[in-house]
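>>> Fold the following.
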Amino acid sequence: MIRNCLIVLLLFVLHEGLYFLPEKAVVIPGVFRMSDALFVVFPFFAVTVRRTFSRYREESLIVVSFCALVFLSCLVGQFFWPQTYMQGLLNIRKNLFWLSFFLYVLLIRDIKEVEKLLKLLTGLAGIYVTLLILTKYFPNMGIIHFSERFYSKSAGTMRFGEHRLFFPYGTIPIMLYCIALARLLYGPSGKGFGKMFLVVFILIVWYAILSSFTRGIVYPLVIATVFALFRGGRRSVRFTAFGAMAVLACVYVLSVAVNEGGGKAFEETKVGKLIFNAGSLEPERGREIQALMYLRGFERSPLTGVGTFAVRGTGGRAEEVDAIAYRKYGFFDAVDLGYLKILGENGLLGIAWVIWWYSYFFRRAKQTLRAAKMLGNMPFVEAFCQGVLYLMVYLLISGVTLGHWIHPNMITILPLLLALMAVTRVSVNRIATASGKASVPQYSR
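Numbers count the residues shown, from 1 in each chain. Presented below is the predicted three-dimensional model:
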């Protein structure tokens, strides 16, 4: 339990208090941020990196290679932009949060610890998402310290006639959602309270995601959920998936007919607003500009990209500073694209790393799942591996617009996911070796 509490504390620090703390308690301007504590603590654990390499070789190489890309990006950036190497490194230092992987694998010992940790995180995430929802309707609660631009009368975060839910660090509940869904489909979901808790957690997360009105999250997660239902091992689950899709199609057709007659009951729901009113949103001109910008950067340097952009001008809001930089250099530090940002700033080397990331999880999750089935009586491992596959489907699709591997609000959970997968696969392999299951593939490294 102490180890799991330390992991929760580390996540709390890396996420800079999860907005429970006022900004003045998180940032000392020009001096220190709460998340920078990782770089103070990590040197004390650096001596364990070699041992971690010997036990989790591929995962360690994934982390180290990404950190190498970070340093290379800062080096390349000083040749393309009027900035120093140190300016570039300070600008993207949060990308080095991948080093937290080496701390996680020290604290997570085996499959039982993985299961306990995920249960603890699911409970805490459920409470956190509930607080975010309450904050949407009662913004003066004072628990979540959000920016005033979210729920003020002149807020620029309105969509479809209502405030969008402030939903930071959404990848955390989405990861836990995928694993909770897999536990319901494959077990162990528990009986009574345990199963009911998972159902409530899934519904709360879905409500929060719909309330955010973020299409780049909603649509990929719908596809991942459908993938999960059709992949469900029981025939009844697949029939349920077919039935649910048929019902949704009927509701959609009926709603169109009713709306033409003057009724707008379904259209006023959150799902209805996303379906019927998405076309009324203004075109994403910002993303179009960023896409062209990154493609031009890739043309200038296909192998390494043009590096990190750390030039900071003067101005008011961040948008104004970015506009000034774009007019002057044809580039700015954007965050609204995933794959294209990596292509433009890290080139083909960055894209190769992303392919490696997906290859690792799809390959290792399937290998571990197959080994767990051969060993038998490992329902949690089966559910965890299935949940990882669901999450990869979500990341694969949403990665078009979301920079999961480099955005400060998203990057922090991925080293933990990598550590959970590493510990699970090595533990299963150790059990297989001890039980003499010669048919189980040996993939300890």
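>>> drop to CA atoms for contacts and neighbour counts, all remaining ones
Fine.
>>> ok, G305 - contacts?
S73, V76, G297, F298, L343, G344, E345, N346, G347, L348 (C-alpha atoms under 8 Å, 6 or more residues apart in numbering).
>>> Would you mind confirming that the second one is in contact with V306?
Yes. Taking contact to mean C-alpha atoms under 8 Å, the distance of 6.2 Å between V76 and V306 places them in contact.
>>> which of these two has more neighbours?
A direct count of neighbours by other C-alpha atoms under 10 Å for V76 and V306 places V306 higher, at 29 against 21.
>>> Give me the phi and psi for that one.
Main-chain dihedrals, V306, degrees, to the nearest 10: phi -100, psi 10.
>>> OK, contacts around it?
Counted by C-alpha under 8 Å, 6+ apart, V306 has contacts S73, V76, G77, F80, G297, F298, R300, G344, E345, N346, G347.
>>> Out of those residues, which is nearest to F331?
Proximity of the contacts of V306 to F331 was ranked by C-alpha to C-alpha; the top entry is G297 with 8.5 Å.
>>> Report whether that closest one is found in a strand, as I expect.
No. Judged by DSSP: H, G, I helix; E, B strand; the rest coil, G297 forms no part of a strand; its state is helix.
>>> pretty sure it is in contact with N346, am I right?
No. Taking C-alpha under 8 Å as the definition, G297 is not a contact partner of N346, at 9.5 Å.
>>> The two: who's more crowded?
Using other C-alpha under 10 Å, the more surrounded residue of G297 and N346 is N346, with 28 against 25.
>>> elements contacting the strand or helix carrying the more buried one?
Secondary structure assignment for N346, by DSSP states H and E: helix 339-375. When contacts are defined as 3 or more C-alpha pairs under 8 Å, 6 or more residues apart in numbering; DSSP states H and E, helix 339-375 sits against helix 57-80, helix 285-300, helix 379-398, helix 413-435.
>>> CA atoms only: put the helix or strand just after the longest one into CSV for me.
Tracing the chain C-terminally past helix 57-80 and defining elements by DSSP H and E, one meets helix 85-91 next. Included here for helix 85-91 are C-alpha records, laid out as CSV according to Å, rounded to 0.1, in the frame of the first residue of the first chain:
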residue,chain,number,x,y,z
TYR,A,85,20.1,24.7,-26.7
MET,A,86,19.2,25.4,-23.1
GLN,A,87,16.2,27.5,-24.1
GLY,A,88,14.9,24.6,-26.2
LEU,A,89,15.5,22.1,-23.4
LEU,A,90,13.7,24.3,-20.8
ASN,A,91,10.8,24.6,-23.2
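>>> contacts for helix 85-91?
Applying C-alpha under 8 Å, 6+ apart, the contact partners of helix 85-91 are V70, F71, C74, L75, G77, Q78, T308, F309, A310.
>>> quick one: which of those residues is most hemmed in?
In those, the most neighbours by other C-alpha under 10 Å go to T308, 31 neighbours.
>>> OK, contacts around that one?
S73, C74, V76, G77, G88, I92, D333, E345.
>>> Tell me which of the residues you listed has the lowest pLDDT.
pLDDT across the contacts of T308 is lowest for D333, at 83.
>>> Over to that residue: give its phi and psi.
Main-chain dihedrals, D333, degrees, to the nearest 10: phi -80, psi 80.
>>> how near is the closest residue in space to it that isn't next to it in sequence to M293?
Spatial nearest neighbour of D333, chain neighbours left out: F309 (5.7 Å); criterion: C-alpha to C-alpha, 6 or more residues apart in numbering. Distance of F309 to M293, given as C-alpha to C-alpha, to the nearest Å: 12 Å.
>>> Name the residues contacting each of these two.
F331.
>>> re earlier: let me know which of the helices and strands packed on helix 339-375 is tucked in deepest.
Burial of the helices and strands packed on helix 339-375 is given as mean neighbour count (mean count of other C-alpha atoms under 10 Å); helix 379-398 ranks first at a mean of 23.
>>> Pull out the buried positions in the helix or strand following it.
Sequence order places helix 408-411 as the next helix or strand after helix 379-398, per DSSP H and E. Neighbour-count burial for helix 408-411, with 16 or more other C-alpha atoms under 10 Å as criterion, is recorded at P408, N409, M410, I411.
>>> Kindly reformat those as a markdown table containing distance to E382 and pLDDT.
Conversion of the buried residues of helix 408-411 to a markdown table gives the following (distance: C-alpha to C-alpha, whole Å; pLDDT from 0 to 100):
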| residue | distance to E382 | pLDDT |
| --- | --- | --- |
| P408 | 31 | 75 |
| N409 | 29 | 78 |
| M410 | 26 | 82 |
| I411 | 25 | 85 |
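>>> Grab the nearest non-local neighbour of the most centrally placed residue in the chain.
The centre of the chain sits closest to T171, judged by C-alpha atoms, centre = their mean, with a distance of 3.2 Å. Closest residue in space to T171, ignoring its immediate chain neighbours: M410 at 6.0 Å, by C-alpha to C-alpha, 6+ apart.
>>> show me the contacts for that neighbour.
With the criterion set at C-alpha under 8 Å, 6+ apart, M410 makes contact with Y169, G170, T171, I172, G403, H404.
>>> Rebuild those as CSV, extending it with pLDDT and distance to F12.
What follows is those, written out as CSV (pLDDT from 0 to 100; distance: C-alpha to C-alpha, whole Å):
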residue, pLDDT, distance to F12
Y169, 80, 11
G170, 79, 14
T171, 88, 15
I172, 90, 12
G403, 83, 21
H404, 85, 18
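>>> Pick the one among those closest to L96.
H404 (13.6 Å).
>>> how near is the residue lying closest to the closest one once chain neighbours are set aside to I289?
Spatial nearest neighbour of H404, excluding adjacent residues (C-alpha to C-alpha, 6+ apart): M410 at 5.2 Å. Distance of M410 to I289, computed by C-alpha to C-alpha: 23 Å.
>>> repeat for L176
With distances taken as C-alpha to C-alpha, L176 is found 34 Å from I289.
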